[in-house]
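Trainee: Give me coordinates for this.
(chains A, B and C)
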Amino acid sequence: MMVDLLAPLAADAILVIGALSLLLVDLILPPGEKRILGYGTIGVLLAALISTFALDLSGEAVGGAYEGDALALFFKRGFYVSAILASLASLDFGAKIWPRRQGEYFQLLLYSVLGMSLLAGVRDLLLLAVAFELMGVPLYAMAAFSRKDKLAVEGGLKLYLTGAVSSAVTLYGMSMLFGASGSTNLAEIASAPSSPMLAMGVALTLAGMGFKLGVAPFHMWVPDTYRGSPPPFVVLVAVAPKIAGIAALTRLLLAGDGALLDSVSELLLLLAWFTVIVGNVMALPQDSVRRLLGFSGVGHMGLLLLGLTTGTAEGIAAMLFYVAGYIFTTAGALLVLSAVADEDGNDGLARFAGLSQRSGFLAFAMLVFLLSLGGIPFVVGFWAKLYLFLAAWGAGYQLSVLFIALVGVIGLYYYLRVSRAMYMTEPTVEGPISVDLGTQLAIALCLVFVVGMGLVPQPFVAVAETAASVLR
Amino acid sequence: MTHMVLTVAAILFALGIYGVTTRKNAIGILVSVELMANAVNLNLVAFSQHWGATGQSFALFAIALTVAEVVVGLALVVLLYRTRKNVNIDLASDLRS
Amino acid sequence: MTTAATLGLVAVLGPLVVALLLAVNGPVRRTGVGAGALSVLAAIANLVAALMLANSWWGEHELVDSTEWVWLIANGETIATVGVTIDGISASMLAVVAVVALCVQVFSWSYLSDEPKADFGRYYMWQSLFLFSMNALVLAPNLLQLFMAWELVGVCSYLLIGYWYTKPSAAKAAVKAFWMTKLADMGLMIGLIIQYRVTGGFGFHEADAVALGASVGVVTFCYFIAVMGKSAQFPLHIWLPDAMEGPTPVSALLHAATMVAAGVYLMVRGWPLFDLAEDTRLFMALIGGTTAIFAASVAIVQTDIKKVLAYSTSSQLGYMVAALGAGDMIAGYYHLTTHAFFKALLFLAAGSVIHAVHSNELSNMGGLAKKMPLTAGTFIIGTLALTGTPGFAGFFSKDLVLEALLHGAERNPVLWIPLACCLIAAGLTSYYMFKVVFLAFFGEPSEAAGHAHEGGIALSAPLVLLAVLSIGAGIPVMGALTSQWGHEAHFHVSPIGLAGTSAMLLGLGAAVQLHYRGGSLPGVAALAPVGNIARSEAVDKAWRVAYKQGLRTLAAGVSWFDRYVIDGLVNLSGVALLLGAGRLRAVQTGKGGDYVYAVLLGVIVLAAWTAVVSA
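Mentor: As a prediction, the model looks like this:
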């Protein structure tokens, strides 16, 4: 009985069991041998990832609060993959910077991923609230994990302050959703008669989730946290929670017949436009490449919102494909960055000057990621953008497509600035760059997927379509 | 009756917002966030007058969530004090464009 | 798979394989010479394949072969296919690209021989990548593949312009060129989206044009925006002169013969669509005419030999666009092919001169005809072809363009404007080109020009080949093109042709009068009568007054407009954006309290919006 109830959550169960076992191992390991915990974490994440392919995770669990469907699987895989990439980058970094506390770091990472993983198939407001916090709270701690680093603490605190206020707003919105409908089941909330309280509840919840997504004007933490926090953590925070935010929004707004989406679609578009402008324009004057990528990521969220707003199966499929591309492209770019930035975290354009001469691999990888972010053909970014625009145009959002496409061209300028620095200037710092094996592996993985999805997009599009077909 | 409680909750929430925006002391902001969270709890309990016990259990969860969050927040404030000997958040502004 | 498709694939994939090999294998790339050899080999294979295709097309006249593979299916509908389409247009264009590309690669071997080995290898890697993308563009079976290749040639252009990145101006020019053309490319993207939404595909055949129905106007207009960017049409031409910062062989290949012509090729390829779009074509004709005369005027006052040629390219592309706008696809396409040969020739010859005197400035040249007879001879042949001297390739194609405009004007009087523009531009072209010839190759040699000498075989062989084509590509190509489409365009003496020739002679007269500084080549002696008529006392004074007061002032004015208003606007908008963004940075204060404030502001806006909407 119990087993049946939890069967769709087998992947999540693997995470829980794995995290707890690692906790026990951590207690008995001598301080010098904590490194093994990182490998263990990657193993746990890999096992969870494999389970999404190998086991049948469909069906309802925890009394209908969770349902494993194709969409849930899609998001779960996204979270696990981004967590694996981030963990690979953390291996050496953690062993060097916080050798005794590696266990804690990976514990937090696993719990955060657990929260995301539950969000993927959430059907109930209560679980949504709990999973959202479970994802968010460990991230605050991880952001400030370099305890003696002024900047890391500052970045973490800013993440926390905006996050805490946002989650208070979200909970307030959720209480209104409950008050207006009398149920915590998302589908029942969606089918409740529309009322001002319901609309206000959705709007406030949206605002709170906008924070995790880094949608303007809730984005201010993004560049600061990117710049201040430990680089391997940035790889995680730039990808996983943002996608979790999208997952939560998709689950909430498209529950039932999607009535909630219709009530806020104008708001979503407003946010999308504003986000695209802020992300692309603010990125222009940045010197720190991490801040630049932070703002660029903000811009990309606007595109995802556009996909979500369409609400059509095609639009959601396009959004999901975009998400898949975003994972590898953004994680890849930030991984390169963590390899290039110096010990103090300096990552100005000067650090990238002449990178092609210092490390051809890093420069080439970064070029590919930048091309993908800019939407140039033969890498995944091109298909993602084209597919999304096609879908949004078909759903009747012509003006938004025009606007977002044009503003996106501004973005090319700062991608070009970085590639110009890498390929068209002499290095200011001499000597080749040594990259640890984990980061190299992670970068290579991202590179394979960014190029692979650009050359053979078909399987990924098919998966995205299957995932999107469960809605409506 | 429900309406009155909701109004009180709304006022509480607004007070929290006011505190969050005006306070410069990190602890003060945390307290204000607590006010906002309590408004949420009040809301949930008030709604359960209409809809039954679900709201109350939601409130219990909400309390637990807020506590977890504030604990991490306090830890961060301690770190802020350790690195800067100060808990004024506006002074921690090395990161900016 | 048919032989034709296989040959097409060889043409596309050969350079790709080389480019990938050089990208992955650093040691081979860094040998320089090895990388170059591989790249040239691929170019030769490409040429052989292209010539075989062109030959079979020439014989049969009805070669149409298309092989496609499905690339992306979404919602049960095919979004993207990839493959090669071989028909008269693509086969002939492929041959043109292949010839010019091989010439340029061979020429570069000697031109860049002083470069460091690693840079030399890098250069050839990008050359191969460019050849791949250009071939993929030319053989594209649908507009989506064409668009993807279109973007990729843009990337290659960016990389090749910035080749000499130690020059800050080169890196800047590279960014500017990419950014501007990319902005225009959004037109192509939007057009493709509309086309897909209306017809469910990206085809360019009659059936697709019919399926588009009333949307054909919007779609073609969107496409034309991208053409304006890529083919340097007014007012988006401004990136082309800056692009001259790249090595001269690159300018010859990308920014004269092939890449900038891709815009015109897009319209030729999508002709069934453009054919139905009356309004778009009128707009095209007007833009083309404006570009032709505008760029020619600016070319007059340029002192940098490459800038003269760059503006000339923009002007000649204007001719092609105008011809297409007037509704004559053959005329536009024919001018594209001949122009590719003689403009590449002019650039390479200019490169040979620059290689000898180490300067782009005309004032550092002079009297080079004696030192470098082959270069001078081929440059003059290119000039004669470009200016439309009877018998040379450019003469026939320009004549066809003018006739097309005349025919168009008989139907729609508005087309008299582009016709007049093109006629005047013909005179201006002849003036500035002969001016360059006289200043560079005749008269007293400057100090730098004194030590000039002819380059080796790698420099001269491409010049000779292209010169032969500039002379000989006239009649045969026209015959082939016209018989392919059953078009009645056999050459005949017509009033408009005479007008064009007169304009050319007028320009030549002005150039002889104002810039001929002695020398005794037989060719120039034969032109003496023209000069003599112009040289009589009274006319002489009138000429000088007319030139000094009129033409020169006007050209200087136009040039000023180009330099400071159009270019200025482009730069200004960039600067304004950066400054505005700089101001906006102030919002990101770094103070946690302000961030919370922003969050709450957002919450309040959302709440207020919801309250208003739901109330």
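
Trainee: Just the CA atoms of stretch A:360-373, as PDB, please.
Mentor: Provided in PDB are the C-alpha atoms of stretch A:360-373 (Å, rounded to 0.1, in the frame of the first residue of the first chain):
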ATOM      1  CA  GLY A 360      41.600  27.000 -27.200                       C
ATOM      2  CA  PHE A 361      39.100  24.600 -25.700                       C
ATOM      3  CA  LEU A 362      37.500  27.100 -23.200                       C
ATOM      4  CA  ALA A 363      37.400  29.900 -25.800                       C
ATOM      5  CA  PHE A 364      35.800  27.600 -28.400                       C
ATOM      6  CA  ALA A 365      33.300  26.300 -25.900                       C
ATOM      7  CA  MET A 366      32.400  29.800 -24.800                       C
ATOM      8  CA  LEU A 367      32.000  30.900 -28.400                       C
ATOM      9  CA  VAL A 368      29.600  28.100 -29.000                       C
ATOM     10  CA  PHE A 369      27.600  28.900 -25.900                       C
ATOM     11  CA  LEU A 370      27.500  32.600 -26.800                       C
ATOM     12  CA  LEU A 371      26.400  31.800 -30.300                       C
ATOM     13  CA  SER A 372      23.600  29.600 -28.900                       C
ATOM     14  CA  LEU A 373      22.500  32.400 -26.500                       C
END
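
Trainee: next one: the longest helix belonging to chain C to chain centre, how far?
Mentor: With DSSP state H setting the assignment, residue counts place helix C:168-199 as the longest helix in chain C. In this view, helix C:168-199 has its centroid 16 Å away from the chain centroid, taken as Cα atoms, centre = their mean, to the nearest Å.

Trainee: Enumerate the positions of it that are buried.
Mentor: Across helix C:168-199, burial judged by 16 or more other Cβ atoms under 10 Å in any protein chain shown covers C:170-196, C:198-199. (Each C-beta comes from the backbone N, C-alpha and C, glycine too.)

Trainee: Equivalent analysis for stretch A:135-155, please.
Mentor: Residues of stretch A:135-155 classed as buried under the neighbour-count rule (16+ other Cβ under 10 Å) are A:135-146, A:149-155.

Trainee: about what we covered before: helices or strands next to the longest helix of chain C in the packing?
Mentor: The contact analysis (3 or more Cβ pairs under 8 Å, 6 or more residues apart in numbering or on different chains; DSSP states H and E) places helix C:168-199 against helix A:380-394, helix A:398-424, helix C:143-161, helix C:206-212, helix C:216-230, helix C:239-242.

Trainee: For chain B, which residue occupies the most central location?
Mentor: residue B:33 (2.1 Å; Cα atoms, centre = their mean).

Trainee: For that one, give me its contacts.
Mentor: When the contact criterion is Cβ atoms under 8 Å, 6 or more residues apart in numbering or on different chains, the partners of residue B:33 are A:164-165, A:168, B:16, B:20, B:66, B:69-70, B:73.

Trainee: interface residues of the stretch 451-600 of chain C facing chain A?
Mentor: Residues of the stretch 451-600 of chain C found near chain A (Cβ under 8 Å from any Cβ of the partner chain) are C:574, C:577-578, C:580-582, C:584-585, C:588, C:590, C:592, C:594-596, C:598-600.

Trainee: and the gap between the residue nearest the centre of chain C and residue C:418?
Mentor: Nearest to the geometric centre of chain C sits residue C:260, at 2.9 Å (Cα atoms, centre = their mean). Here the criterion is Cβ to Cβ, to the nearest Å. By it, residue C:260 lies 19 Å from residue C:418.

Trainee: got the domain boundaries for the chain?
Mentor: Using chain A here. What automatic domain parsing lists as the domains of chain A is A:1-153+A:220-256, A:258-472.

Trainee: Chain C, not that one
Mentor: Split by automatic domain parsing, chain C gives C:1-141, C:163-276, C:277-312+C:321-535.

Trainee: Can you get me a residue count around residue C:376?
Mentor: Neighbourhood size, residue C:376 [other Cβ atoms under 10 Å in any protein chain shown]: 24.

Trainee: How about residue A:36?
Mentor: By other Cβ under 10 Å, 14 other residues sit near residue A:36.

Trainee: Make sure it is actually in contact with residue A:26.
Mentor: No: in this structure, residue A:36 is not within contact of residue A:26 by Cβ atoms under 8 Å, at 9.5 Å.

Trainee: is it fair to say residue A:378 lies in a strand?
Mentor: No: counting by DSSP: H, G, I helix; E, B strand; the rest coil, residue A:378 is not part of a strand but coil.

Trainee: Run through the residues that contact the closest residue to residue A:404 other than its chain neighbours.
Mentor: Counting by Cβ to Cβ, 6 or more residues apart in numbering or on different chains, residue A:404 lies nearest to residue A:276, which is 5.2 Å off, once chain neighbours are set aside. Counting by Cβ under 8 Å, 6+ apart, residue A:276 touches A:299, A:302-303, A:403-404, A:407-408.

Trainee: Need the pLDDT of residue 20.
Mentor: You didn't say which chain, so I picked chain A. You'll see residue A:20 listed with a pLDDT of 93.

Trainee: My question was about chain B, not that one.
Mentor: Note for residue B:20: predicted pLDDT of 87.

Trainee: neighbouring contacts of the helix or strand hosting it?
Mentor: Using DSSP states H and E, residue B:20 maps to helix B:2-22. Outside helix B:2-22, the residues that touch it by Cβ under 8 Å, 6+ apart are A:165, A:168, A:172, A:179, B:28-29, B:31-40, B:42-43, B:45-47, B:49-50, C:593, C:596-597, C:600.

Trainee: Of those residues, select the buried ones using a PyMOL command.
Mentor: Buried members of the contacts of helix B:2-22, defined by 16+ other Cβ under 10 Å, are picked up in PyMOL with:
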select buried, (chain A and resi 165+168+172+179) or (chain B and resi 28+29+32+33+34+35+36+37+38+39+40+42+43+45+46+47) or (chain C and resi 593+596+597+600)
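
Trainee: what's the neighbour count on residue 7?
Mentor: Answering for chain A, as no chain was given. With other Cβ under 10 Å as criterion, residue A:7 counts 17.

Trainee: The chain in question should be chain B.
Mentor: 11.

Trainee: Can you sort out which of the residues of the stretch 451-600 of chain C next to chain A also neighbour chain B?
Mentor: The subset of these within reach of chain B, counting by Cβ under 8 Å from any Cβ, consists of C:585, C:588, C:590, C:592, C:594, C:596, C:600.

Trainee: which parts of the stretch 251-400 of chain A sit against chain C?
Mentor: Residues of the stretch 251-400 of chain A that fall close to chain C, judged by Cβ under 8 Å from any Cβ: A:263-264, A:266-267, A:270, A:281-285, A:313-314, A:317, A:360, A:364, A:371, A:376-378, A:382-383, A:386-387, A:389-390, A:393-394.

Trainee: Quick one, which of those are buried?
Mentor: Here, 16+ other Cβ under 10 Å leaves A:263-264, A:267, A:270, A:281-285, A:313-314, A:317, A:364, A:371, A:376-378, A:382-383, A:386-387, A:389-390, A:393-394 buried among those.

Trainee: Give me the subset of the contacts of helix B:2-22 that lies in helices.
Mentor: Using DSSP H, those in helices are A:165, A:168, A:172, A:179, B:28-29, B:31-40, B:42-43, B:45-47, B:49-50, C:593, C:596-597, C:600.
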